[in-house]
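Peer 1: mind folding the following:
(one chain, ligands or ions: 1)
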Amino acid sequence: MAPKIASSIDTSSEIYKKRYAYNKGRVEEISKIRAEIAEGGSQRAREIHKKRGKLLVRERIEFVLDEGSPFLEIAPFAAYDIYDNKAPCAGIVAGIGKISGHLVMIVANDATVKGGTYLPLTIKKHIRAQRIAMENRLPCLYIVDSGGVFLPLQEDVFPDKEHFGNIFYNQAQLSKEGLLQVAVVAGFSTAGGAYVPAMCDQTVIVKGTGAIFIGGPPLVKAATGEDVSVEELGGANVHTKISGVADYLASDDEDALIKAREIFSTLPKDKPFELDRDTPSEPDYDADEIYGILPTDLKKPFDSREIIARIVDSSEFDEFKPEYGRTLISGFARIGGYLVGIIANNGVIFPDSADKGAHFIELCSYRKIPILFLQNITGFMIGKAYEHAGIARAGAKMINAVATSSVPKFTVIIGNSYGAGNYAMCGRGYNPRFLWMWPNAKIAVMGGEQAADTLAQVKVNQLKRAGKELNTEEINALKQPILDDYERQSSPLYSSARLWDDGIIDPAKTREYLMLAIEIVSHNIDKSKQRYAIFRM
Ligand code: COA
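Peer 2: Next up, the predicted model:
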């Protein structure tokens with residue numbers, strides 16, 4: 001049994017109550033936005049959709065999932081406040097849930113949002129979902145109801161590497177890996193979009209509403225002069241009886257989703273990697289108390305051990321090198337019974353803390369223990385003494401270890417995420433299997449004040465060379481727009497809307513997310529020998 005973390009939080013103090021009210025308020029604000037986004041397109045669009053006899057996108061997902069299955073939604077804030085805020089969820093719902101006992105990545109178009117067409121962020125989200133499927137060896141279900149590419153933005157969706165074509169490339173790669181690809185065509189599947197069902201291993205199409213064609217009736221008319229109806233051109237009867245593009249004919253959405261469930265029921269069960277697991281136990285402290293621990297202003301530090309105590313089983317934490325490199329906490333704990341390594345910040349990273357981080361990552365990687373990163377980092381320590389001590393060398397070692405460690409990693413940004421600290425603590429560029437933010441988090445290359453000071457200083461020097469001096473008022477006028485931009489761009493909603501993360505989560509539910517995530521990643525653990533790049537010593 002590992003030692004327990006003894007909390008020193010006074011839940012009756014004024015500061016605790018103030019923080020609790022503030023952070024709970026932020027969580028409620030985010031939940032409200034999430035619920036509004038989840039409604040999908042306009043009420044009118046939803047009514048038209050229902051009148052056509054179709055289920056709404058979330059009804060389809062609910063219907064296809066096993067009873068009581070969780071649904072780990074990916075990027076529920078995608079495109080928030082972008083595209084005139086008219087593309088909730090970027091017009092596509094994606095997430096992991098159980099179908100016929102299998103964990104499946106579901107990617108479903110929302111036809112009530114711009115006809116289910118693919119905007120740049122729709123594509124980014126679809127590809128992110130496929131990447132998660134590939135990394136965790138998950139089969140996929142595509143519920144198709146889409147007008148294909150969003151034509152006005154074709155230059156941002158069509159030609160580049162991670163644009164529309166990459167979706168079909170990924171389908172081929174996933175299928176090649178033996179990961180079942182299933183499509184339910186419950187609406188249009190137009191132009192390039194026709195390849196989603198056509199590239200699947202097995203495809204179901206709904207009679208009356210489902211249609212697949214490379215060129216729709218208006219395009220056919222324009223190109224060849226041929227007059228043809230949707231049904232005649234690419235309806236369900238055509239594709240199940242004449243072309244063979246689809247395999248199963250369904251009478252309506254429900255029937256199609258039942259058929260999808262039947263397809264998954266014939267898929268042999270994958271045996272997950274056996275991660276070290278004990279009997280799970282709840283933390284000794286209430287997860288809710290996290291609201292009272294997080295400060296209202298992230299400039300104020302907080303002890304990450306207090307957070308760990310509210311996430312891990314029995315609040316037990318076997319800390320590694322507790323007296324060394326103290327601004328980085330590392331150690332072993334269990335979450336839902338699973339053994340994990342945890343790395344959390346408790347201040348800026350110094351050379352000793354970076355060395356300790358790299359050492360701990362090596363321990364976990366050789367033992368095949370997944371690593372959880374809890375980011376609250378303003379960066380690496382700067383200044384002459386630290387440059388001379390080789391902070392860049394120590395930092396590179398930790399970044400190297402994170403980049404090459406082959407165990408699954410999870411990152412939760414629980415506070416600040418700035419500069420190279422983001423890299424060393426497994427930011428998005430380091431491929432954690434999942435990355436979430438808390439509503440209080442902030443992410444940017446540096447703090448707004450530092451960026452404004454730096455840019456103002458550069459300008460002041462430039463003008464000085466030209467013989468012009470700026471007064472304080474002019475310098476402040478230079479800084480203000482930079483401060484405003486940084487404030488806006490470092491918010492979690494800004495990040496989540498652009499898929500820099502997989503979603504903003506309620507701090508009190510972090511443990512639940514992690515338990516599900518560990519179950520998911522256990523489907524793909526790299527069993528080969530761990531290798532590293534060259535560490536600069
Ligand atoms: N690009 C951009 N916007 C599109 C679009 C496309 N390919 N297809 C549809 N839209 C937009 C419409 O302008 C409309 O926008 P609005 O909500 O701002 O008014 C919205 O999507 C809904 O379109 P609408 O035709 O009213 O809905 P519908 O449910 O009756 O039909 C489609 C949806 C997708 C079947 C139909 O619009 C269609 O066939 N579109 C063309 C598809 C196509 O040829 N795509 C080729 C791309 S590779």
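Peer 1: from residue 209, how far out is whichever residue of the stretch 251-400 of the chain sits closest to the ligand?
Peer 2: Ranked by C-beta to the nearest ligand atom, the top residue of the stretch 251-400 of the chain for proximity to the ligand is residue 253, at 15.0 Å. The C-beta positions use only the backbone N, C-alpha and C, and glycine is treated the same way. Separation of residue 253 from residue 209 (C-beta to C-beta, to the nearest Å): 8 Å.
Peer 1: overlap in contacts of those two?
Peer 2: Residues touching both residue 253 and residue 209 (C-beta atoms under 8 Å, 6 or more residues apart in numbering) are 53-54, 186.
Peer 1: just the residues you listed: which are in helices?
Peer 2: Using DSSP state H, the subset of those located in helices is empty.
Peer 1: for those residues, give me JSON lines that also has distance to the ligand, neighbour count and pLDDT.
Peer 2: Compiled in JSON lines, the shared contacts of residue 253 and residue 209 are given as follows (distance: C-beta to the nearest ligand atom, whole Å; neighbours: other C-beta atoms under 10 Å; pLDDT from 0 to 100):
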{"residue": "53", "distance to the ligand": "13", "neighbour count": "11", "pLDDT": "97"}
{"residue": "54", "distance to the ligand": "10", "neighbour count": "22", "pLDDT": "98"}
{"residue": "186", "distance to the ligand": "12", "neighbour count": "26", "pLDDT": "98"}
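Peer 1: next step: those restricted to strands.
Peer 2: residue 186 (DSSP state E).
Peer 1: and the nearest residue to residue 350 once chain neighbours are set aside, what does it touch?
Peer 2: Sequence neighbours aside, residue 381 is the residue nearest to residue 350 in space, at 5.0 Å (criterion: C-beta to C-beta, 6 or more residues apart in numbering). Residue 381 makes contact with 348-351, 391, according to C-beta under 8 Å, 6+ apart.
Peer 1: now the residue of the stretch 401-537 of the chain found nearest the ligand. Nearest residue, chain neighbours left out?
Peer 2: Proximity of the stretch 401-537 of the chain to the ligand (C-beta to the nearest ligand atom) peaks at residue 497, 19.2 Å away. Among residues not flanking residue 497 along the chain, residue 80 sits closest, at 4.0 Å (C-beta to C-beta, 6+ apart).
Peer 1: burial of that neighbour, as a residue count?
Peer 2: 24 (other C-beta atoms under 10 Å).
Peer 1: and it, which of the three is it?
Peer 2: Residue 80 falls in the coil class when you classify it by DSSP: H, G, I helix; E, B strand; the rest coil.
Peer 1: and for the nearest residue to residue 406 once chain neighbours are set aside, the neighbour number?
Peer 2: Distances taken as C-beta to C-beta, 6+ apart place residue 526 nearest to residue 406, at 4.1 Å, with adjacent residues excluded. Neighbourhood size, residue 526 [other C-beta under 10 Å]: 13.
Peer 1: now the residue in the stretch 201-350 of the chain positioned nearest to the ligand. Its backbone dihedrals?
Peer 2: Closest residue of the stretch 201-350 of the chain to the ligand, C-beta to the nearest ligand atom: residue 216 (4.7 Å). When read as degrees, to the nearest 10, the backbone of residue 216 gives phi -70, psi 170.
Peer 1: one more: residue 298?
Peer 2: Dihedral angles of residue 298 (phi, psi; degrees, to the nearest 10) stand at phi -70, psi -10.
Peer 1: that one and residue 78: what is the separation?
Peer 2: Distance from residue 298 to residue 78, by C-beta to C-beta: 25 Å.
Peer 1: between the two, which one's more packed in?
Peer 2: Remark: of residue 298 and residue 78, residue 78 carries more neighbours, 27 against 17, as counted by other C-beta under 10 Å.
Peer 1: residue numbers of the stretch 251-400 of the chain in contact with the ligand?
Peer 2: Not one residue of the stretch 251-400 of the chain sits near the ligand, judged by C-beta under 6 Å from any ligand atom.
Peer 1: mind listing the strands for the stretch 251-400 of the chain?
Peer 2: For the stretch 251-400 of the chain, applying DSSP state E, counting those that start in this stretch gives strands covering 318-319, 328-335, 338-345, 371-377.
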